[in-house]
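Colleague: Here you go, sequence then predicted model.
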Amino acid sequence: MPDTLTIIDNRTGKRYEVPILYGTYPTYGAAIRGADLRQIRVSEDDFGLMSYDPAFLNTASTKSSITFIDGDRGILRYRGYDIAELAEKSTFLEVAYLLLHGELPTIDQLEDWTCWIKRHAFIHENVKKFMDGFRYDAHPMGILVSTVAALSTFYPESKNVLDPAVRRKQAYRLIAKLPTIAAFSYRHRMGFPYTYPAEDLGFTGNFLKMMFERPGRTYEPHPVLTRALDVIFLLHADHEQNCSANAMRSVGSSHPDPYVAVAAAAAALYGPLHGGANEQVLRMLHDIGSIDRVPDYIRRVKAGELRLMGFGHRVYKNYDPRARVLKEMAGQVLEITGSTPLLRIALELERIALEDDYFISRKLYPNVDFYSGIICQALGFPTDMFPVLFAIPRVAGWLAQWQEMLEDPEQRIARPRQVYTGPDLREYVPIEDRS
Ligand code: ACO
């Protein structure tokens with residue numbers, strides 16, 4: 001069977017044969033080259049056929065070997081490793097290494113990687129002063145986006161994006177400094193003095209300390225809570241060509257330094273349709289308030305009055321594998337931090353929804369946000385820090401996507417086409433003659 005597609009243009013009766021590329025049917029996604037459609041014309045001066053695909057619903061913008069998702073079967077893999085196995089056996093820093101290098105690190109490689117990340121966790125004192133300039137009630141995500149962009153001015157050599165050694169150094173810096181900037185943005189609002197990075201703690205324990213250490217008191221991160229946050233980081237490290245990864249690639253394709261490209265990706269993440277859903281889940285659980293009000297809430301969802309937040313996904317038409325891990329983890333965390341009715345409400349919502357034909361027929365299952373907000377709140381994070389908690393690990397994914405884009409000889413500056421729908425050439429009317 002030839003790997004080609006035959007297209008007949010009914011406008012002209014002409015027949016075209018275009019190759020089917022890359023994917024292995026059905027799992028890894030077969031594609032035709034969009035540019036192959038350009039040969040389909042009605043006349044010599046015709047521009048040629050394009051594919052029209054707002055929001056990239058069915059357009060592969062790249063080949064990628066980083067993350068694999070099969071939404072129908074509820075599969076998520078980083079570099080071929082199943083997410084549930086990584087969540088059970090690995091750490092966030094190991095997974096960040098995996099995303100960027102393609103392989104899990106050896107003991108020596110992990111030691112070296114961890115050492116470099118720790119070394120770069122400090123931020124220049126000028127950056128601290130810069131952060132001091134934000135208003136006391138500035139949203140931490142706004143502070144993060146602006147401060148990461150400002151790092152561009154501190155590391156001018158980072159503009160040399162085609163040099164792998166330069167890229168490596170910026171990866172250390174970005175992965176290491178994001179927790180510091182995130183924690184400082186929180187402490188700035190609280191009016192607490194900044195807590196500097198501690199080299200004797202791991203990546204996530206150090207972040208918790210920078211966040212929550214009170215002046216005059218020593219802070220020991222709880223191992224189970226630290227592990228829970230580390231797993232949340234690991235689960236959020238990449239998710240293939242989502243809105244923010246696409247922003248990273250698109251902005252990065254004009255070869256600016258990675259700080260401004262990461263700021264653009266973080267800005268994409270800031271939007272409530274991307275990084276803000278777990279906050280909405282918490283609001284919903286608070287609104288419901290008690291288990292006996294769950295059936296009425298479900299009734300309103302089915303009547304189209306409301307959406308069940310944390311349910312449904314553009315890609316997953318099955319249980320989001322990340323939600324499965326977080327559901328179990330929520331129980332463990334609440335055993336330590338103290339129970340909250342929110343988890344019981346969430347479990348009841350899930351139980352009823354998964355038995356209801358409305359949700360079954362539409363393939364609506366819990367997504368990653370259904371349980372992550374409960375855990376983050378139990379860990380002590382205010383809701384406006386949730387997108388920041390998402391950005392900290394996702395920078396590893398953004399950098400891996402950026403690096404892959406820069407090394408791909410087929411990639412060039414990202415520049416989509418359009419279907420023009422405006423007026424044809426018009427005669428210019430002088431201002432005094434306009435009605
Ligand atoms: N509650 C109730 N009904 C829903 C929900 C929901 N959460 N999600 C989808 N539906 C229904 C829609 O009303 C529609 O029903 P219809 O066919 O009768 O009109 C059907 O299911 C298909 O929904 P779409 O909106 O077409 O699905 P889409 O893929 O465009 O949306 C989305 C996906 C945005 C995630 C949606 O499921 C949603 O709004 N969920 C709640 C918000 C949420 O949890 N977002 C986080 C996603 S995970 C992340 O971004 C990290």
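Modeller: Okay, I see it.

Colleague: Show me what the longest strand anywhere in the chain is packed up against.
Modeller: Counting by DSSP state E, the longest strand found in the chain is strand 14-22. The helices and strands touching strand 14-22, judged by 3 or more C-beta pairs under 8 Å, 6 or more residues apart in numbering; DSSP states H and E, are strand 4-9, strand 30-32. Quick note: C-beta positions are derived from backbone N, CA and C, even for glycine.

Colleague: does residue 171 really touch residue 397, like I thought?
Modeller: No: using C-beta atoms under 8 Å, residue 171 is not in contact with residue 397; the gap is 11.6 Å.

Colleague: what residues are up against residue 284?
Modeller: With contact set as C-beta atoms under 8 Å, 6 or more residues apart in numbering, residue 284 has these partners: 308-310.

Colleague: meant to ask about residue 146, not that
Modeller: Counting by C-beta under 8 Å, 6+ apart, residue 146 has contacts 134, 263.

Colleague: Summarise which helices and strands the helix of greatest length in the chain is packed against.
Modeller: For the chain, the helix with the greatest residue count under DSSP state H is helix 164-190. The contact analysis (3+ C-beta pairs under 8 Å, 6+ apart) places helix 164-190 against helix 107-119, helix 125-132, helix 140-151, helix 203-212, helix 258-270, helix 386-407.

Colleague: right, so of these, which gets closest to residue 7?
Modeller: helix 386-407 (29.4 Å; C-beta to C-beta).

Colleague: thinking again about what came up before, in a markdown table: the helices and strands packed on strand 14-22, plus mean pLDDT and distance to residue 123.
Modeller: What follows is the helices and strands packed on strand 14-22, written out as a markdown table (pLDDT from 0 to 100; distance: least, C-beta to C-beta, whole Å):
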| stretch | mean pLDDT | distance to residue 123 |
| --- | --- | --- |
| strand 4-9 | 96 | 52 |
| strand 30-32 | 90 | 42 |
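
Colleague: Would you state the helices of the stretch 301-435 of the chain in chain order?
Modeller: Counting by DSSP state H, counting those that start in this stretch, one finds helices in the stretch 301-435 of the chain at the ranges 321-337, 341-355, 357-361, 369-378, 386-407.

Colleague: With mean pLDDT and mean neighbour count added, can I get these in JSON lines?
Modeller: Shown next, in JSON lines, are the helices of the stretch 301-435 of the chain (pLDDT from 0 to 100; neighbours: other C-beta atoms under 10 Å):
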{"stretch": "helix 321-337", "mean pLDDT": "94", "mean neighbour count": "19"}
{"stretch": "helix 341-355", "mean pLDDT": "92", "mean neighbour count": "18"}
{"stretch": "helix 357-361", "mean pLDDT": "95", "mean neighbour count": "12"}
{"stretch": "helix 369-378", "mean pLDDT": "92", "mean neighbour count": "26"}
{"stretch": "helix 386-407", "mean pLDDT": "97", "mean neighbour count": "24"}
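
Colleague: Redo the ones you listed as CSV? Include distance to the ligand.
Modeller: Formatted as CSV, the helices of the stretch 301-435 of the chain follow (distance: least, C-beta to the nearest ligand atom, whole Å):
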stretch, distance to the ligand
helix 321-337, 9
helix 341-355, 9
helix 357-361, 7
helix 369-378, 5
helix 386-407, 8
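
Colleague: what's the closest of the ones you listed to residue 55?
Modeller: helix 386-407 (18.3 Å).

Colleague: elements contacting that closest one?
Modeller: Using 3+ C-beta pairs under 8 Å, 6+ apart: helix 386-407 touches helix 92-101, helix 140-151, helix 164-190, helix 223-235, helix 243-252, helix 258-270, helix 277-288, helix 369-378.

Colleague: So which of these is nearest residue 316?
Modeller: helix 369-378 (11.5 Å).

Colleague: Export only the CA atoms of that closest one, formatted as PDB.
Modeller: Taking only C-alpha atoms (Å, rounded to 0.1, in the frame of the first residue of the first chain), the coordinates of helix 369-378 have been written out as PDB:
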ATOM      1  CA  ASP A 369      -6.300  20.500  37.600                       C
ATOM      2  CA  PHE A 370      -9.100  18.600  39.400                       C
ATOM      3  CA  TYR A 371      -6.900  17.600  42.300                       C
ATOM      4  CA  SER A 372      -3.700  19.800  42.000                       C
ATOM      5  CA  GLY A 373      -5.400  22.900  43.400                       C
ATOM      6  CA  ILE A 374      -6.500  21.000  46.600                       C
ATOM      7  CA  ILE A 375      -2.900  19.800  47.100                       C
ATOM      8  CA  CYS A 376      -1.400  23.200  46.500                       C
ATOM      9  CA  GLN A 377      -3.800  24.900  48.800                       C
ATOM     10  CA  ALA A 378      -3.100  22.300  51.500                       C
END
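
Colleague: List of residues touching it?
Modeller: By C-beta under 8 Å, 6+ apart, helix 369-378 touches 228, 232, 277-282, 285, 309-311, 323, 326-327, 329-330, 333-334, 337-338, 340, 342-343, 346, 350, 383, 385-386, 389.

Colleague: show me what contacts residue 145?
Modeller: By C-beta under 8 Å, 6+ apart, the neighbours of residue 145 are 263, 266-267, 270.

Colleague: To clarify, my last question referred to residue 75.
Modeller: Here residue 75 is in contact with 68-69, 82, 321 (criterion: C-beta under 8 Å, 6+ apart).

Colleague: Run through who's touching stretch 331-342.
Modeller: 222, 224-225, 228, 282, 285-286, 289-291, 343, 374-375, 377-379.

Colleague: Kindly report the same for stretch 414-430.
Modeller: 50, 52, 61, 249-250, 253-254.

Colleague: repeat that with 10 Å
Modeller: With contacts defined as C-beta atoms under 10 Å, 6 or more residues apart in numbering, stretch 414-430 is touched by 34, 38, 47, 50-54, 56, 59, 61-62, 246, 249-254, 405, 435.

Colleague: PyMOL command for the buried members of the residues you listed?
Modeller: This is how PyMOL selects the buried members of these, with burial counted by 16 or more other C-beta atoms under 10 Å:
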select buried, resi 34+61+62+246+249+250+251+252+253+405
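
Colleague: Nearest residue to the residue in the stretch 301-435 of the chain positioned nearest to the ligand in space, please, no chain neighbours.
Modeller: Nearest residue of the stretch 301-435 of the chain to the ligand: residue 312, at 2.3 Å (C-beta to the nearest ligand atom). Excluding the flanking residues, the one nearest residue 312 by C-beta to C-beta, 6 or more residues apart in numbering is residue 364, at 4.5 Å.
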